[in-house]
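Q: Have a look; sequence and predicted model below, questions after that.
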Amino acid sequence: MSGFSFSARLKLLLLAVLMGGLWYMAAPAQWSPEERQLWEKVRAAELHMADWREQSGTAAPADSDPWRCGLIGVEWSGITTTLGELASKRTACNPAWSVRFHRWFREQGLGKGDAIAIYSSSSFPGLLLNALAAAEALELETALIVSLGASTWGANHPDAPWPGLAAELRRSGFISKRADYYTLGGDEELGNGMAPEGQALLRMAAKDAGVELMSANSLEEMIARKSDLLEKRKVKMLLNIGGSHANLGDDPAVLRLQTGLLSSAQPGNAGNGVIGFAVANGIPVIHMLNIKSLAARAGIPYDSEPRKRAPAGINTWWSIMGLILFFTVVLTHRRWRKAD
């Protein structure tokens, strides 16, 4: 006859207590009232844009925008530059990104009056809305440059390019920042590779918005102009959204960068674009690309209906410690003994 030993029961009880403590440490932090309010503001903006686009006849089909984000474009148009994933564009609209941006900004010690730069393509209007909302919630001073060409399903509806979307968001009070400059986007951000009628449409959209188109004669000159603005504004962070040519440059080294908040241990060579310039000059960078993998690390559901909750990222180190503890106990402790 055998029985479960007292020492084994004691070890399992201690294991349960320790695992519970590690689970608590690994769990994501709860969100603050300010973060909850930020989430609600972004979601209200999206629902407003969905209504506005339905009224203006520019809304995406219901199966393309089932959660009424209001920031989903079309599969192809004259201002489309490259292919993009519809699921990633929907994921980019999740208001939880505003909370994630807010936390990244705070982790870098940013607060009222600090200068940052947001350099974005129009491929992810959802991310751009989230980023602007987070920056304005902290009262940051933002240098904003948006390239107007967009990949599929981004802000690529010919009757609703980014300048039109931004104007409605400002008119309705959801954001206040107007872009400092636009670029055409496409190759070299000079509209290359885009149909002439698409270029003309974007030039007119920029003119109607009262925003200057940043001009250059080459990719190198565009990179230099964007980089100079970082120095001129003395920014404390660069947020890159999407794959604008000048932001990335044409050095393949940029493709090896992690996404999200770049760590200080990041390799020194970050390419020859604006991101590389920022890294080389000690400017922290948030790099928003490869949304599927980035969403998994940020704790934001991929291609899922927005639900009112904060990013649910898990603390990796506490999780690893929990696994080590569990398997150490399971493999070493004595579970049974023969009864007298």
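A: Arrived safely.
Q: what helix or strand does residue 279 sit in?
A: Following DSSP states H and E, one finds residue 279 within helix 274-280.
Q: Does anything pack onto the helix or strand that comes right after that helix? Which helices or strands?
A: Under the assignment DSSP H and E, the closest C-terminal helix or strand after helix 274-280 is strand 285-288. When contacts are defined as 3 or more C-beta pairs under 8 Å, 6 or more residues apart in numbering; DSSP states H and E, strand 285-288 sits against strand 238-241, strand 260-261, helix 274-280. (Glycine included, C-beta is placed from N, CA and C.)
Q: of all these, which lies closest to residue 134?
A: Closest to residue 134 of the helices and strands packed on strand 285-288 is strand 238-241 (C-beta to C-beta; 9.4 Å).
Q: In which helix or strand does residue 127 reside?
A: helix 125-137.
Q: what's the average pLDDT for that helix?
A: Average pLDDT, helix 125-137: 98.
Q: cool, stretch 259-266 as well?
A: 77.
Q: Begin at 302, not 1, for the rest of this chat.
A: Fine by me, first position is 302 from now on; the one you just mentioned is stretch 560-567.
Q: I'd say residue 385 and residue 455 touch.
A: Yes: contact criterion C-beta atoms under 8 Å: residue 385 and residue 455 qualify, at 6.1 Å.
Q: any shared contact partners between the two?
A: Counting by C-beta atoms under 8 Å, 6 or more residues apart in numbering, the shared contacts of residue 385 and residue 455 are residue 424.
Q: the more surrounded of those two?
A: residue 455 (32 against 24; other C-beta atoms under 10 Å).
Q: Surely the more buried one is in a strand?
A: No: counting by DSSP: H, G, I helix; E, B strand; the rest coil, one finds residue 455 to be coil, located in no strand.
Q: Count the residues that sit near the nearest residue to it once chain neighbours are set aside.
A: Nearest residue to residue 455, sequence neighbours excluded (C-beta to C-beta, 6 or more residues apart in numbering): residue 424, at 3.9 Å. Per other C-beta under 10 Å, the neighbour tally for residue 424 reads 31.
Q: Check which helix or strand residue 424 maps to.
A: Per DSSP H and E, there is no helix or strand for residue 424.
Q: Run through the residues that contact it.
A: 382, 383, 385, 390, 451, 452, 455, 456, 543, 544.
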